[in-house]
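Student: Fold the following.
(chains A and B)
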Amino acid sequence: MNRRAVILLTGLAITLLALPLFANSYLLSIATLFLFFAYTGQAWNIMMGFAGQLSLGHALYLGVGGYSAAALYFHYGISPLIGLWLAVMICAALSACLGALAFRYGISGVYFTLLTIAFAECARIGFDHFTWLGGSAGLFLKVAQRDRIDILNLRGPPALYYYAILLLAGLAFGLCSWLLRRRPGYYWQAIRENEEAAAALGINTFRWKILAVVISAAMTAVAGVFLAFYYNNLFPEQIFNINRSVEIILGPIVGGMGTLFGPVIGAALMTLLTDGATELVAALGWDIPGVKQLIYGVILLAVVVFLPHGIWPAIARKLKLER
Amino acid sequence: MSHLLQVSDLALHYGGAAALIGVSLQVEKGEMVALVGANGAGKSSFIRAVAGIERPITGRIVFAGHDITALESHEICDLGIGQVAEGRQLFPTLTVLENLHMGAMVQRARGRLKTSLAEVCGLFPRLAERRKQLAGTLSGGEQQMLAIGRCLMGCPELIMLDEPSLGLAPNLVQEVLQAIQALNRNGLTVLLVEQNVAAALKICQRGYVLESGRIVMTGSGNELLNDDRVRQAYLGL
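Tutor: The predicted model follows:
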């Protein structure tokens, strides 16, 4: 990384760390959402951007992760800081099963993607009927007392959640940066570029693809735990919804797949777009249903048409940074 | 001499269609052997079967005393069979140097990365000149050199080349084939698959002719070059 990148990164880090000091609660909630998508985008990017395996079912890990920790807390009062390890383990095992099933039987490309959707849909329908976890009526956690900070149970003011997700996003960025420069990063790129050639060079493609899937799922599980304790409620129809999976992947696609900064920039743009469009429509007084989605769609379309590799590679070229 | 590679009675089907029927072939240590035939004769299928990419339905493949018939590609690679696939199969968005490094990821080659890199650059100086360039932007000849170089980075005992002359200008064909000859002189065992029958038989000690999935002829390079059937069918004489 060169000096410009370091300066850029330090500036970003300081701004993000100081944000709760001057931001109002609305801005803070938007920033939290942005960091959430930066984090999940980074996780999804390991699978697709690095290893070339398209998942459209990451809502599965979000949901299973969230429900695992929430169930422990709801039924047994176990801290989410412990529960998240259960969430990670369950999602890692689940994704390893999915990966092994697909890669052992040569299910690849769109068929692999369909399999990820199928798993998420099965979970959605399954959890709808899982009465121990509230079924379709949802699971509700005790609402946090906003004035008391209880890190152990992840209860507290919005700034607590903000810092929690900031920490996660930072760790994810660091992990991805490290992975990309190490042997796994090289192996994944080889597999993404040309799987047969990778195998012919002696790379155990099965093992490394599974590793990408498992890391990605485990990270997403942690995001699920965060989501559950941030919103204090879980509905199968929401958390396992395919819209969730799509939301996760838009950031890295728009920002630039396979890059480190892509998921972060993409998440920032998508969050700005969603809330910015709402603000804009309100300010202009356009009370037309669907106009918000229209703005959102047009801008998305423009990015895909004019920057097919995403925003970050274009910026990196301009700033003469490495990707 | 012991057989380095011994393939016996190999059969391979794609769906219902037979690609290889009872193919037997041996390569001795230090030899350079040609497998020639027309388009669709099964040459690439043979290489893919040996490399573990396709699964044969019958037959046995033994390499350096190991039965590799049922092994995975990466395990076969670890034992020392390098493969330069048809169409070169590079990583286009990685640089020349990154492609070469990728070739040295197998256990057997990791420790020898520096030496192998120096050897490859000695063999193909042009790769050294272009080491920072993206592989996808190289010319056809350079890409073929990179594909061979990347394979050599894995320190193979046997190298299988699938149509290295394909799509190259005549002077480049000579350059690439000479490099392969030089590798063989330095002790590398080579199995060369070619449609360019004359060029391949000229530089190989022995050859096999494959037709519709069967070996129809075998002999020394010169014998085959002077054989009337080969001359008629493949050399247009």
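Student: Which of the three states applies to residue 4?
Tutor: I went with chain A, as the question did not name one. A:Arg4 falls in the helix class when you classify it by DSSP: H, G, I helix; E, B strand; the rest coil.
Student: My question was about chain B, not that one.
Tutor: Here B:Leu4 is strand, with the state taken from three-state DSSP.
Student: what's the burial count for residue 106?
Tutor: Chain wasn't specified; assuming chain A. 8 (other Cβ atoms under 10 Å in any protein chain shown). Placement of C-beta: from N, CA and C, glycine included.
Student: actually it's chain B I care about, not the one you picked
Tutor: A count of nearby residues for B:Val106, using other Cβ under 10 Å, gives 20.
Student: State whether B:His13 is indeed within a strand.
Tutor: Yes - B:His13 forms part of a strand when assessed by three-state DSSP.
Student: Test my guess that it contacts B:Gly42.
Tutor: No - at 11.1 Å, B:His13 does not count as touching B:Gly42 under the criterion of Cβ atoms under 8 Å.
Student: So between these two, which is more surrounded?
Tutor: Between B:His13 and B:Gly42, counted using other Cβ under 10 Å, the more crowded position is B:Gly42 (25 against 17).
Student: and that one, what are its phi and psi?
Tutor: Per-residue torsions, B:Gly42: phi 110, psi 10 (degrees, to the nearest 10).
Student: ok, which stretches of the chain are strands?
Tutor: All of this is about chain A. A:139-140, A:233-234 (DSSP state E).
Student: Switch to chain B, please.
Tutor: Ranges of strands in chain B, per DSSP E, are B:3-14, B:17-28, B:32-37, B:58-63, B:66-67, B:81-84, B:158-162, B:189-194, B:206-211, B:214-220.
Student: Of all these, which one is nearest chain A?
Tutor: The closest of those to chain A is strand B:81-84. By Cβ to the nearest Cβ, the value is 4.9 Å.
Student: which helices and strands does the closest one pack with?
Tutor: helix B:43-50, helix B:140-152, strand B:158-162 (3 or more Cβ pairs under 8 Å, 6 or more residues apart in numbering or on different chains; DSSP states H and E).
Student: do the first one and chain A meet?
Tutor: No - with Cβ under 8 Å from any Cβ of the partner chain as the threshold, helix B:43-50 lies outside contact range of chain A, at a closest distance of 9.0 Å.
Student: same deal with stretch B:191-211?
Tutor: No - shown here: stretch B:191-211 not in contact with chain A (Cβ under 8 Å from any Cβ), separated by at least 14.3 Å.
Student: Between the two ends of that stretch, what distance do you get?
Tutor: Stretch B:191-211 has its terminal residues 17 Å apart, counting by Cα to Cα, to the nearest Å.
Student: Flag every buried residue along that stretch.
Tutor: If you call a residue buried by 16 or more other Cβ atoms under 10 Å in any protein chain shown, then stretch B:191-211 has these buried ones: B:191-197, B:199-201, B:203-210.
Student: Redo the helices and strands packed on strand B:81-84 as a markdown table? Include mean pLDDT and mean neighbour count.
Tutor: Shown next, in a markdown table, are those (pLDDT from 0 to 100; neighbours: other Cβ atoms under 10 Å in any protein chain shown):
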| stretch | mean pLDDT | mean neighbour count |
| --- | --- | --- |
| helix B:43-50 | 93 | 24 |
| helix B:140-152 | 92 | 24 |
| strand B:158-162 | 94 | 24 |
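Student: Out of those, which is closest to A:Met48?
Tutor: Closest to A:Met48 of those is helix B:140-152 (Cβ to Cβ; 25.4 Å).
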